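[1] I would like to see how this sequence folds:
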Amino acid sequence: MTVLHWQKSTYSQEASACVYLATTLTGTILMRESDESATILTTGRRQLGSLISALRADQCAVVAGPRVKL
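    Below you'll find the model as predicted:
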């Protein structure tokens, strides 16, 4: 079993709103939020890079609403 080493985002300042990242041996990037640690999103380097670029350029629409448990 592979042990994941989660790293807290440097932009996470509040204890209840932290984003953590980990990388698998195959290069898949895993993301989770501190208050929903059982929910893990998977992505790749290129996709995460595109998301970060869009966020920096303020090109993402933010939708506020209730959280939905899947």
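[2] From now on I want contacts and neighbour counts done on CA atoms only, so please keep to that.
    Will do.
[3] Run a quick neighbour tally on Ser34.
    Close neighbours of Ser34, defined as other CA atoms under 10 Å, add up to 16.
[4] Roughly how far does it sit from Ala57?
    25 Å (CA to CA, to the nearest Å).
[5] Same question for Thr28.
    Thr28 sits 25 Å away from Ala57, going by CA to CA.
[6] same deal with Arg32?
    23 Å.
[7] all strands for the protein, in order.
    According to DSSP state E, the chain carries its strands in the segments 7-8, 19-23, 29-33, 36-43.
[8] Same list, those, but as TSV with distance to Gly49, mean pLDDT and mean neighbour count please.
    Shown next, in TSV, are these (distance: least, CA to CA, whole Å; pLDDT from 0 to 100; neighbours: other CA atoms under 10 Å):
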stretch	distance to Gly49	mean pLDDT	mean neighbour count
strand 7-8	17	88	14
strand 19-23	13	91	18
strand 29-33	11	91	18
strand 36-43	10	89	12
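[9] In TSV, list those along with distance to Ile52.
    As requested, the strands of the chain are exported to TSV (distance: least, CA to CA, whole Å):
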stretch	distance to Ile52
strand 7-8	16
strand 19-23	13
strand 29-33	13
strand 36-43	12
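[10] Name the residues linked to Glu36 by a beta bridge.
    With DSSP bridges as the criterion, Glu36 is bridged to Glu33.
[11] Next up, the contacts around Arg32.
    Residues near Arg32 by CA atoms under 8 Å, 6 or more residues apart in numbering: 19-21, 38-41.
[12] quick one on the thing from earlier: Thr28 and Ala57: which is more packed in?
    Thr28 (13 against 9).
[13] how close does the residue lying closest to that one once chain neighbours are set aside sit to Val19?
    Leaving out its chain neighbours, the residue that sits closest to Thr28 by CA to CA, 6 or more residues apart in numbering is Gly44, at 5.4 Å. As for Gly44, its distance to Val19 is 16 Å (criterion: CA to CA).
[14] ok so, going back, the residue nearest to Thr28: neighbour count?
    Neighbours of Gly44 under the rule other CA under 10 Å: 12.
[15] give me every residue that touches the residue sitting nearest the centre point of the chain.
    The chain has Met31 as the residue nearest its centroid, 3.4 Å off, counting by CA atoms, centre = their mean. Counting by CA under 8 Å, 6+ apart, Met31 touches 19-22, 40-42.
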